[in-house]
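*Asks:* Sequence first, predicted model second:
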Amino acid sequence: MTVPKQEAQILKLQQEIYRRVEADGITHIEAIAEYCSDNDIEPESIISLLSGPVRAKIEREASDLNLITQKTPSLI
């Protein structure tokens, strides 16, 4: 089974983010910033390409750094 080109590129991007986090001991936010800088890409343009788990890690990091407010669980 072959993976469509776009899905392969998304997978490659996510693997590169994880590699940078592991190898360089940096946050996911820093890894994405470095990736975008190295490839002349605006960070806003790749956010939609990141999977839910990667987005959750970025959100957690941003919350820990007080870059965003903590989400309050909803009862509804």
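*Replies:* Happy to help now that I have it. Numbers count the residues shown, from 1 in each chain.
*Asks:* Which parts of the protein are strands?
*Replies:* Assigned by DSSP state E, the chain shows no strands.
*Asks:* quick one: contacts for the residue nearest the centre of the chain?
*Replies:* Residue closest to the average C-alpha location in the chain (Cα atoms, centre = their mean): Val54, at 4.8 Å. With contacts defined as Cβ atoms under 8 Å, 6 or more residues apart in numbering, Val54 is in contact with 14, 17, 28. All C-beta atoms are positioned from the backbone trio N, CA, C, and that covers glycine.
*Asks:* can you count the residues close to the first one?
*Replies:* By the other Cβ atoms under 10 Å criterion, the neighbourhood of Gln14 contains 16 residues.
*Asks:* Just the pLDDT for it.
*Replies:* pLDDT for Gln14: 91.
*Asks:* Tell me which residues of the helix or strand bottoming out on mean pLDDT in the chain come out buried.
*Replies:* Here the helix or strand of the chain ranked lowest by mean pLDDT, DSSP states H and E is helix 43-46, holding a mean of 87. Across helix 43-46, burial judged by 16 or more other Cβ atoms under 10 Å covers Ile46.
*Asks:* which residues touch it?
*Replies:* Residues outside helix 43-46 that contact it (Cβ under 8 Å, 6+ apart) are 13, 32-33, 35-36.
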